[in-house]
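>>> fold the following, please.
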Amino acid sequence: MRSIRAGRWATVAAVALSATALGVTGATAAVDPAPIAPHQTFLGEVNGTPVNAVIQVGCFGPVVPGQTGHPVAGQSVDVTPAVSVPVTGQPGYTGEAADHILVDFGAPASSSAATVLKAYGVKAEIPTGIQLPCYGTGKVAFVPQPTSPTARTAYVTVTYQSIGV
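From the prediction side, this is the model:
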């Protein structure tokens, strides 16, 4: 009995070490594209991370309070299923009806087309036409759509980092 238990722990340890070496956290793992559906807990990711993400913003000259710029091309958002507890980040829940996620950058609605995610594990580029702060922190919201009383928005805290362009 003792050797079976020891063997199981060795297997668990090996899997944990492999996941750590590959950069997989306890909350998420590599996901094949799968459709978003009702009754699912999920995490939003900005540039591959569900917490403390950085969004690079192109800003000219010395940055002054209130200055905005456009996100640098090549940055992304996506959603992954939350597969374990405790989960890193602020998870969302698709509720009774959601089959897609609307990503809200907090930018004025007139300045961007909506970013819509319809499947897990599929990255969408952060639109470069929106205006974001040149520095500071904020939150990107991942809003289940269509909404329902049980739906819950996921949030990713971000730091805006100015880079000269």
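
>>> list the contacts for the closest residue to residue 100 other than its chain neighbours?
Leaving aside its sequence neighbours, residue 100 sits nearest to residue 118 (Cβ to Cβ, 6 or more residues apart in numbering; 4.7 Å). Bear in mind the C-beta positions are built from the backbone N, C-alpha and C, glycine included. Contact analysis of residue 118 by Cβ atoms under 8 Å, 6 or more residues apart in numbering lists 35, 36, 99, 100.

>>> neighbour-wise, which of those residues leads?
residue 36 (20 neighbours; other Cβ atoms under 10 Å).

>>> so that one sits right up against residue 117, yeah?
Yes: between residue 36 and residue 117 there is a contact under Cβ atoms under 8 Å: 7.0 Å.

>>> shared neighbours, those two?
The contact sets of residue 36 and residue 117 overlap at 79, 100, 101 (Cβ under 8 Å, 6+ apart).

>>> quick check: the gap between the residue nearest to residue 100 and residue 35.
To residue 35, residue 118 is 7 Å away according to Cβ to Cβ, to the nearest Å.

>>> all strands of this protein, in order?
Using DSSP state E, the strands of the chain run over 34-35, 41-46, 53-59, 68-71, 76-81, 92-93, 100-104, 115-117, 119-120, 124-125, 132-133, 136-145, 154-164.

>>> mind putting those strands in a markdown table, mean pLDDT included?
Formatted as a markdown table, the strands of the chain follow (pLDDT from 0 to 100):
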| stretch | mean pLDDT |
| --- | --- |
| strand 34-35 | 95 |
| strand 41-46 | 96 |
| strand 53-59 | 96 |
| strand 68-71 | 95 |
| strand 76-81 | 96 |
| strand 92-93 | 96 |
| strand 100-104 | 96 |
| strand 115-117 | 95 |
| strand 119-120 | 96 |
| strand 124-125 | 97 |
| strand 132-133 | 95 |
| strand 136-145 | 96 |
| strand 154-164 | 93 |
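
>>> what sits against the spatially most central residue of the chain?
Closest residue to the average C-alpha location of the chain: residue 45 at 1.2 Å, with Cα atoms, centre = their mean. Contact criterion Cβ under 8 Å, 6+ apart gives 28, 53, 77, 78, 79, 80, 156 as the residues in contact with residue 45.
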